[in-house]
Every structure is written in C-alpha cells, then in structure tokens.
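> Make a model of this:
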Amino acid sequence: MLRPTLLIAAVAVLSGACSESPSDERAMRLVDAMASDTHIGLVPGGSSDLGDSAGVPSVDGALPDAAAPPAPPPPPTLQQAIATITQKQLEADLGTIASDAYGGRNPGTPGGEKILDYVENIFKTAGLAPPTGQSSMRQKFTVGGTPTANIIGVMPGTDPLLKDEVVIVGGHHDHVGTSSDSGCGASASGNNICNGADDNGSGCTTIINVARALALLKGQNRRTLVFMTFGAEEKGLVGSRYYVEQAPLYPLSKTVYMINVDMVGYSQGGSVQALGGGRSQATSSIINQAAATYGVTPQITEKAGGGSDHYHFALAKVPYVFFFTGFHPCYHKTCDTVDRINFVDYTKIVKTVAHLAWEVTQRDQSPREDFASDYVMPAPSFKADAHAHVHDGIEWIDRSTQQWIRGPGSLYAP
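Below you'll find the predicted structure:
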C-alpha cells in the first residue's frame, strides 16, 4: 500500500508543477520514488486516476479485468480460396510461360531453365514445402545427357489417420522448343518458336494456380497434397517415369489419386474430357459436382490412353484422372499461342480441378477403395484412343494413313 505521507508529498509536488512550475526533475524523482516503493508504474497519458485506468493497478495492487483480445478471423473456405483463381491471373501466368522469352521450354535450353525457376518461385511464394526429407523442390534427372528436373511443392496433411496418404496434382511444364532444336515446324512468316500455350502451358498454369489457391487452406488439408510439374514429357514421359520407377518421394501404395492436366485450353462450350475418371464411382461423382458448380461439361470415360504423365502412375495402380480438351491443328506447331486459348472456359476448368483436388483430399473414403485398378493400359491406336498424347520421335501419327509409327525408345509394345 502507498504510504500516506509519500502520496501527499507527490500530490503536492505535482500540483506545484502545474501552478508554480518547479523543477521537472524534482517532481519526477519523487514520482519515481513512489513507483519504486509501491512497485507500480506511471499512468499512461499522465492521468491522475491511478485506480481506475484500464491496465493500471489500483493503489491496493489489484489488476483490473483486461479486455479480451480480438478473435482470430475464421480460416478461408474452399469457395473463398477458389475465388482467387481469376482469368486475369491465368492470362498473366500463361502469357509468361508461353512467351518467346521461354523459347518453347525445351529441356537444356535457357527457356527450359526459366520454366523451372518460374514454377519453383511460385510454389515457394505460396508457402509450399519441399518433399519430405528433401531440401529442394527440384527432383533432378537427365534426358539424353541433358539435365532437367521435376518441380514438387507440398502441403503436408494434418489428419492423424490420413496425413500419410497423398493426392498428386500434376502436369508437364516442358514443350518441344524451336524448329532448330526439335523439328518443330516453322511458320510461313519465319517464326520458329513453338510456344506451347496449350501443350502444356495450359496444364502447367493450372497446377500453379491450383497450388496458389489451395495453399490458402494450408493446415486444413487432411491428406498430403503434392503439386508437381514434370520435365521432359515431350521426350517420352521421362519426368513422370523417373518419379514413379526410380525415385517416388512418397510411397506409391499411399498415393491415393493422381490428377493429370495436359492441354486444357481449347475447350468448346465448357467441355473437358476427364479420361479415366469413370473408373471410380465416388470420384466420378465429385467430378460431376465440381463441374456443375463452375459451368463445365465433363466427358468422363474409363479409358485414358497412355500418352501423358498419368501413364506410369496408372501402371503402378495409382487411381487417376486425365483432364484434356482435345487435339487441334496447332498441336506442336508455332501457332499454339496464347491468343488461341479460350480463357473463359479454361478458367472454369482450372476451378473444377481445384475443387476436385480438395474434395479428394478431404473425404473419408480413399479413391483406392472403389477404383478399377485391374484395367490394362492399352497401346494407343489412332481410332481407339484418338486422345492419346503423341510424342515426336517416340510415337507419332502418319497423317496420310492415320497409323501409329513407333520409334526407338517407345513406351508401348510394337
């Protein structure tokens, strides 16, 4: 308790400070002595109401009730996260990836390095982590002696029972380069860069934008979400094959779903093929629900051909779906440019992919529980699997006879 004589003296000095202006030093020494003697501090703002000021002890040393801190804002919802996927951002990302500065994104070229940096920086900025046990998001490998990489960003799961299960959202980031380094046909105007806006700038842009959006929900995902862009797909599915056959960073037996996005920018009327999605009734239902939410018309099939990055996952019995909007006359040509992308429908497809990825990540049932994994992937044939993704120098179509020709290193039996 404050001694009465000291309190009276302090009041007298402070009163004199107002009326007679004594030395400030003298007044403050006395007030400091008060504080030292009673273990209290000065009242903020110079108030003389020592007992009632918020946060200031009364003369008997009791603390008043402190105001409760404001409640933290609620975590964002899936709808709020997906609302951040905008046509403007898709145009900006795809406009960069498919620009001349990236030179067709052929592995081993300056443009091939630029795309690795671009994806990795976006994953880092979004707050994704490298794969478990890795210090880098780059999974390095070589193709024909040329170094390149897959880029992998992770949202670790949080559910004690489901966090070891993995959902992959992937698509390749490379393309075929220029007429001088890949045989990509030059245009009549002399342009020799195959920019690959649809193949697979559209898929790569999908992956990074889905990652940005779902990263806003980090800490809420029950299963582990892995975002992956593959290198050297155009060389024969090399990046995805390397991951599956030589260096799976997560057990394939625990990988419960693989969403592959390849060439989704040429939709007509909101249509998109969801190839292989019909082999699970549960995920087929989610695809339909998500598509209806965003105005997309899915064509869900059980067959999915073998010519894109889902292929080796399928051989390893990992449930999958392959999103694809079809071939077009600019496939592997210099006219596959950003101005030909249907961004209105493309934006809807990207949102559908994000919705599907999250729902599969959150639901109790694993896609493995009802996935028809005994289906054997067929060798592609032009008539049966016209949607199969061909690869110059590996498998290609003789346009005059519409027959498949397989070169050395083909992944398919002759």
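> For Glu234, give its distance to His355.
Glu234 sits 29 Å away from His355, going by Cβ to Cβ, to the nearest Å. Glycine gets a C-beta too; all of them are placed from N, C-alpha and C.
> for Asp370, same thing?
Taking Cβ to Cβ, one finds Asp370 at 20 Å from His355.
> go on, Asp364?
Asp364 is 18 Å from His355, where distance means Cβ to Cβ.
> Gly326 too?
22 Å.
> Settle it for me: which of these two has more neighbours?
More neighbours surround His355 than the other of Gly326 and His355, with 25 against 17 (other Cβ atoms under 10 Å).
> wait, the more buried one sits on Ala81?
No - under the criterion of Cβ atoms under 8 Å, His355 is not in contact with Ala81, lying 9.8 Å apart.
> Please identify the buried residues of the longest helix seen in the chain?
Across the chain, the helix with the greatest residue count (assigned by DSSP state H) is helix 343-362. With burial defined by 16 or more other Cβ atoms under 10 Å, the residues of helix 343-362 counted as buried are 343, 345-362.
> Can you pull the poorly scored residue ranges out of this protein?
Along the chain, the model assigns pLDDT under 70 to residues 1-65, 182-183, 185-190, 373-414.
> What is the neighbour count of Ala67?
8.
> How about Thr301?
Thr301: 18 neighbours (other Cβ under 10 Å).
> where along the stretch 301-414 of the chain do the helices fall?
311-315, 343-362 (DSSP state H, counting those that start in this stretch).
> what does the first one rub up against?
Applying Cβ atoms under 8 Å, 6 or more residues apart in numbering, the set of residues contacting helix 311-315 from outside is 168, 237, 240-241, 243-245, 252, 255, 258, 260, 276, 304, 306, 320, 377, 411.
> got the domain boundaries for the protein?
Taking automatic domain parsing as the reference, the chain has its domains at 1-64, 78-403.
> hey, which of these is tucked in deepest?
domain 78-403 (a mean of 20; mean count of other Cβ atoms under 10 Å).
> Quick one: the helices in the stretch 151-300 of the chain, in order.
179-182, 203-215, 238-245, 281-294.
> Using PDB, write out every CA atom in the longest one.
Once side chains and other backbone atoms are set aside, the C-alpha atoms of helix 281-294 remain, and they are given as PDB (Å, rounded to 0.1, in the frame of the first residue of the first chain):
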ATOM      1  CA  GLN A 281     -17.800 -44.000 -58.900                       C
ATOM      2  CA  ALA A 282     -17.000 -41.800 -55.900                       C
ATOM      3  CA  THR A 283     -14.500 -39.600 -57.700                       C
ATOM      4  CA  SER A 284     -16.700 -39.600 -60.800                       C
ATOM      5  CA  SER A 285     -19.500 -38.100 -58.700                       C
ATOM      6  CA  ILE A 286     -17.100 -35.400 -57.300                       C
ATOM      7  CA  ILE A 287     -16.000 -34.500 -60.900                       C
ATOM      8  CA  ASN A 288     -19.700 -34.100 -61.900                       C
ATOM      9  CA  GLN A 289     -20.500 -32.000 -58.900                       C
ATOM     10  CA  ALA A 290     -17.400 -29.700 -59.300                       C
ATOM     11  CA  ALA A 291     -18.000 -29.300 -63.000                       C
ATOM     12  CA  ALA A 292     -21.600 -28.300 -62.400                       C
ATOM     13  CA  THR A 293     -20.500 -25.800 -59.800                       C
ATOM     14  CA  TYR A 294     -18.300 -23.900 -62.400                       C
END
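> by contact count, what packs against that helix?
Contacts defined by 3 or more Cβ pairs under 8 Å, 6 or more residues apart in numbering; DSSP states H and E place helix 281-294 against strand 271-275, strand 297-300, helix 343-362.
> between it and helix 343-362, how many degrees?
140 degrees (axes from the mean of the first three to the mean of the last three Cα atoms, to 10 degrees).
> cool, and the second one?
Helix 203-215 and helix 343-362 meet at an angle of 50 degrees, taking the same axes, to 10 degrees as the criterion.
> Output the contacting helices and strands for helix 203-215.
helix 78-82, helix 87-97, helix 110-126, strand 146-155, strand 166-172, strand 224-230, strand 255-261, helix 343-362.
> Surely Arg212 is in contact with Gly127?
No - the criterion here is Cβ under 8 Å, and Arg212 misses it with Gly127 at 9.5 Å.
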